[in-house]
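Visitor: Task: produce atomic coordinates for the following.
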Amino acid sequence: FGGSDTYNITNKVIKNLNINEFKGSIYLGPGYKSQIKNYSKSTFKIISDVKNLENQMYKYDLIICGGGITPFNAASQGLPSLIIACEKHEIETAKYLQKLDVSRFIGFRKAKFKNKLLQNLNIINMSKNCLKNFDNSGSSNFVKFIKKRYYEHKRD
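Guide: Presented below is the predicted three-dimensional model:
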């Protein structure tokens, strides 16, 4: 949720997710100042100060992230995402990626994360859609999205 997780979304996700059902990693940016609470050390590994998050994505089946550039980088590798928008402008990005069926928009930063959202995911289809809709350049995919949205708004 960004380099600092300004709104402490990481702890909100952990609190609302039945962490005993899942294994994974929690990546913390260099500006993260909060303390991680209520997580199981046997199911989650905490990793700090990763130089390049994109180089870690191949290890996972699903990512929970904000609505900035990260879900584009993930999609370009075939990795579906669950997006919690940290800022209002990320809502549009999240909805766009959800329409492509590469991500699921969970809601704005105050949203409750419910386990049932995971039960309805078809990660294999979402992953295929990621590779169908995006090339292997996450940042250029993001720039294309921004340009497309800019020109659409300019015509309105």
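Visitor: Now Asp61: closest residue in space that isn't a chain neighbour?
Guide: Ile123 (5.7 Å; C-beta to C-beta, 6 or more residues apart in numbering). Glycine gets a C-beta too; all of them are placed from N, C-alpha and C.
Visitor: can you check Asn125 too?
Guide: Asp101 (6.8 Å).
Visitor: For Lys41, see how far away the residue nearest the centre of the chain is.
Guide: Geometric centre of the chain, nearest residue: Cys65, 2.5 Å, by C-alpha atoms, centre = their mean. Distance, Cys65 to Lys41, by C-beta to C-beta, to the nearest Å: 22 Å.
Visitor: confidence score at Ser25?
Guide: Looking at Ser25, its pLDDT reads 90.
Visitor: thinking again about what came up before, number of residues surrounding the residue nearest to Asn125?
Guide: 16 (other C-beta atoms under 10 Å).
Visitor: Please identify the helix or strand for it.
Guide: Assessed by DSSP states H and E, Asp101 sits outside every helix and strand.
Visitor: hmm, back to that, for the residue nearest to Asp61, give me its contacts.
Guide: Listed by C-beta atoms under 8 Å, 6 or more residues apart in numbering, the contact set of Ile123 reads Asp61, Leu62, Pro80.
Visitor: and with 10 Å instead?
Guide: The neighbours of Ile123, taking C-beta atoms under 10 Å, 6 or more residues apart in numbering as the test, are Asp61, Leu62, Leu79, Pro80.
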